[in-house]
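Colleague: build me a model:
(chains A and B)
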Amino acid sequence: MQFDKTHIQIRNRTESELLDISLHVFRRFPIPIIFSFLVVAIPLLFINDLLLSHVLTLKFNAAQYTARSIVEMEFTTANLSFKTYLYLQSVLIITQAPIASVLSTLMLSKLIFNEKPTIKGLIKSARSCFWNITMAFGLRRCILIQMGLLILLMEAGANGRAAIMTFYTITLIVLLLVRGNRPYMLEIILLERPGRDPTKGMTLSQRSKMLHTATGGNVLGRSMFGMLVGAVFSLCLYGAITFFSISLFTESGTIESSVFTARWLFPISCWLAVCYTSVVRFMNYIDTRILTEGWEAELKVRAEAYKLEQRQQLGTSW
Amino acid sequence: MANLDKAIDPIDGTISIVTPENITFRYSVAGPFQRATAFVIDLLIRMGIIIVLLVLTMALKSGLGDAGIGFFLLSNFILNWFYGAVFETYMNGQTPGKRLMGIRAVTVDGKPINAMQAVMRNLIRTADTYPLVTPAVFGIEFTDSPVYQSAIIPTFAMGLIVMSMNKRYQRIGDLVAGTMVIVDQRKATFGLIDVRTPAVLQIAAMVPATFRADQEMSQALAHFVDQRPRLSDGRRREIAAHLTEPLSRELGLPPNLDPDLLLQALYYRAFVSDAQEELMQLTPTATVDYHTASQQAPPYIQAPVQLQRQVQYLSQPSQSSGRPPSGGLLK
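Modeller: So this is what the prediction gives:
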């Protein structure tokens, strides 16, 4: 990486500075970031809907639900288990967040270092990491496991449903612990391209250990804080999007939750928040590398070397 | 390195203001997340005051009657609408929350804000909280409680969108009042780091007495020495190697010196030996052997006497009884 040629000033930053800078990055490259993100997120949105939309018609929450809201009457055709749906959908989005940001992360890495990538090139680049991504995220970080559980949930009876929900929650806890400790796994896979043969260089686990343990508990704290900000951000977006969409596009204009808001507006808000948090995670990754690899020091040392060489060429002494 | 010259305005959350005298000031602008903490602190302070006022009103209810309730409502109104304005007027653009977080409201020209600007930017604060939604949006069921029925949740979407859309992270109130919030100047501070190893001292002794690091060179050396404990040996040498060749040429040093040791030696010369030199002039020097450095030193090294005395003292601080501990400056 040529970090004397970046769109980001190379220096160590605090967490709140990184969150602000991420907004700035988003503002500078809105279309490439959102477009590359949506290429993966839109298919995931529909896959998740296929897996989860049946929950909104399940009977097991029928007793708790009474059609009070006018908007719900406008959209609801069956019994609603609103909270269960929101829970399952949120967990699924949290789990899938890293793979949804595969292309946007690659896009950012190119844009920040002043290159002009194409989506086709990014897909090709991501495909070469397919095996590492599948192992790290599909299995170790439970994406495939959770999707499998949701397929089982479609046909499960009341007892089976309880067991599946419990297991689903356990996978969430495992995921939070694993990802909290190793948040930059995707960036390492995509940007550092570790091999699988330890004799030919550092493997993925070696690289991951080196980067994640270098700054101690800082990584876990930042990761958890990032998730918290993402959660608050998605709720704010959900509130705002629901407000505008219902007040503009429904006759009643009553701002309340409904099948429509749950099924479409909620996941859309969450995915938009994930898009932003993917930028934050990338910036955090860069910041960690600045710290652990001494980028800031190198930049200053190189600038001094350049000045000194110029002075020597001009024949001026110290 | 030529790339540095044509680098595109890098994102750093800073803005430059050029004065009529053609002097450029760089300000670090506080974004929504840096400002949010200050906002929460101020909110908590306001809530604390409101609770105290409420308790006072309840306690004095029998004596004051409806006037007490009127007093409470009036105080509440003033607190909510003028808390920020009053503090920012009298505390040079800061509220208690802003002061704690080290941020400050200034005009877009970098000047202190006046009372009118403070009032304007705070009166329009409510617009940033829009749209407001009810708990029902989040699937929270209503109860018959009137508090619950009237509950509203600010989404802050308006504020966040407006702040994200401009380089100074101005919210609507800032745009109207012509203000922005900056981070108070923070100076990078490095504690002195102990680099005294025989090899470093040996190279330091080879550096000519005329060596004086300017401010930027000193910063580069300080950054390098500060960050090197986190770096692998190879990476340290890789970074330091950029300077080795031009420095060796400039200082007349052998070209094959270890780059990492050379930069440490220069750091020692730039930061430590000068301070010690002053100390030496104030206190008598203890007699300490200089064998470690001199035995390994190549025959062409002719270190000045004064420097040798510094090395003696610094290399064995424990033997120099009766002196201020050298570790006082070193971490």
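
Colleague: how about low-confidence regions in the stretch 51-200 of chain A?
Modeller: Filtered on pLDDT under 70, the stretch 51-200 of chain A yields the residue ranges A:57-81, A:158.

Colleague: residue in it with the shortest distance to chain B?
Modeller: A:F82 (4.8 Å; CB to the nearest CB). Bear in mind the C-beta positions are built from the backbone N, C-alpha and C, glycine included.

Colleague: what residues does the stretch 1-150 of chain A put near chain B?
Modeller: A:2, A:4-9, A:11, A:16-17, A:19-21, A:23-28, A:68-69, A:82-83, A:86, A:114 (CB under 8 Å from any CB of the partner chain).

Colleague: out of the residues you listed, list just those in helices.
Modeller: Mapping those onto helices (DSSP state H) picks out A:16-17, A:19-21, A:23-28, A:82-83, A:86.

Colleague: out of those residues, which are buried?
Modeller: A:16-17, A:19-21, A:23-26, A:28, A:82-83, A:86 (16 or more other CB atoms under 10 Å in any protein chain shown).

Colleague: okay, who's weakest in the residues you listed by pLDDT?
Modeller: Across those, the bottom pLDDT score, 71, is held by A:F82.

Colleague: wait, doesn't B:K98 sit right on B:I113?
Modeller: No. The criterion here is CB atoms under 8 Å, and B:K98 misses it with B:I113 at 11.7 Å.

Colleague: which residues do these two both contact?
Modeller: B:88, B:105 (CB atoms under 8 Å, 6 or more residues apart in numbering or on different chains).

Colleague: please parse chain B into its domains.
Modeller: B:11-183, B:198-318 (automatic domain parsing).

Colleague: can you pull out the helices in the stretch 1-150 of chain B?
Modeller: Ranges of helices within the stretch 1-150 of chain B are B:2-5, B:32-59, B:61-64, B:66-90, B:96-101, B:115-123, B:125-128, B:146-149, based on DSSP state H, counting those that start in this stretch.

Colleague: and what of the stretch 151-300 of chain B?
Modeller: Under DSSP H, counting those that start in this stretch, the stretch 151-300 of chain B gives helices at B:157-164, B:172-177, B:198-206, B:215-227, B:233-251, B:259-267, B:273-282, B:291-296.

Colleague: around residue 112, how many other residues sit close by?
Modeller: Just so you know, I chose chain A. 22 (other CB atoms under 10 Å in any protein chain shown).

Colleague: nope, chain B please
Modeller: 14.

Colleague: which residues does it contact?
Modeller: B:92-93, B:106.

Colleague: select only the buried ones of these in ChimeraX?
Modeller: Only the buried entries of the contacts of B:P112 go into this ChimeraX selection, using 16+ other CB under 10 Å:
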select /B:93,106
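
Colleague: burial check on the residue of chain B at minimum distance from chain A, number of neighbours?
Modeller: Closest to chain A within chain B is B:G31: 2.7 Å, counting by CB to the nearest CB. Residues within reach of B:G31, counting by other CB under 10 Å, total 24.

Colleague: test my guess that it contacts A:L19.
Modeller: Yes. Contact criterion CB under 8 Å: B:G31 and A:L19 qualify, at 7.2 Å.

Colleague: before we move on, back to that, tell me the one of the ones in helices among the residues of the stretch 1-150 of chain A next to chain B nearest chain B?
Modeller: Nearest member of those to chain B, counting by CB to the nearest CB, is A:D20, at 2.7 Å.

Colleague: so A:P198 versus B:G48, what's the distance?
Modeller: 58 Å (CB to CB, to the nearest Å).

Colleague: cool, B:S28 as well?
Modeller: 30 Å.

Colleague: ok, and the closest non-adjacent residue to the residue in the stretch 101-250 of chain A that chain B sits nearest to?
Modeller: The stretch 101-250 of chain A approaches chain B most closely through A:A240 (3.5 Å), counting by CB to the nearest CB. Spatial nearest neighbour of A:A240, chain neighbours left out: B:A157 (3.5 Å); criterion: CB to CB, 6 or more residues apart in numbering or on different chains.

Colleague: just give the number of residues close to that neighbour.
Modeller: By other CB under 10 Å, neighbour count at B:A157 equals 22.

Colleague: ok, A:Y168 next?
Modeller: For A:Y168, the count of nearby residues is 21 (other CB under 10 Å).

Colleague: immediately after the strand or helix carrying A:F260, which helix or strand?
Modeller: For A:F260, the host element (DSSP states H and E) is helix A:259-260. Using DSSP H and E, the helix or strand that directly follows helix A:259-260 along the chain is helix A:266-293.

Colleague: pLDDT on that following helix, on average?
Modeller: Helix A:266-293 comes out at a mean pLDDT of 91.

Colleague: how far does that helix sit from the chain's center?
Modeller: 6 Å (CA atoms, centre = their mean, to the nearest Å).

Colleague: can you point out the buried residues in stretch A:124-139?
Modeller: A:125-126, A:129, A:132-133, A:136-137.

Colleague: and that stretch, end to end?
Modeller: 22 Å (CA to CA, to the nearest Å).

Colleague: likewise stretch A:92-111?
Modeller: Start-to-end, stretch A:92-111 (CA to CA) is 29 Å.

Colleague: ditto for stretch A:245-265
Modeller: OK, stretch A:245-265 end separation, CA to CA: 9 Å.

Colleague: now for B:D214, how many residues are close by?
Modeller: Around B:D214 there are 12 residues (other CB under 10 Å).

Colleague: pLDDT at it, what is it?
Modeller: Listed pLDDT for B:D214 reads 82.

Colleague: quick check: the gap between it and A:R311.
Modeller: B:D214 is 11 Å from A:R311, where distance means CB to CB.

Colleague: got JSON lines for the contacts of B:P112, with pLDDT and distance to A:I170 too?
Modeller: Output for these, formatted as JSON lines (pLDDT from 0 to 100; distance: CB to CB, whole Å):
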{"residue": "B:N92", "pLDDT": "90", "distance to A:I170": "54"}
{"residue": "B:G93", "pLDDT": "92", "distance to A:I170": "51"}
{"residue": "B:V106", "pLDDT": "94", "distance to A:I170": "52"}
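
Colleague: want to throw the contacts of B:P112 into CSV with distance to A:Y285?
Modeller: Shown next, in CSV, are the contacts of B:P112 (distance: CB to CB, whole Å):
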residue, distance to A:Y285
B:N92, 38
B:G93, 35
B:V106, 33
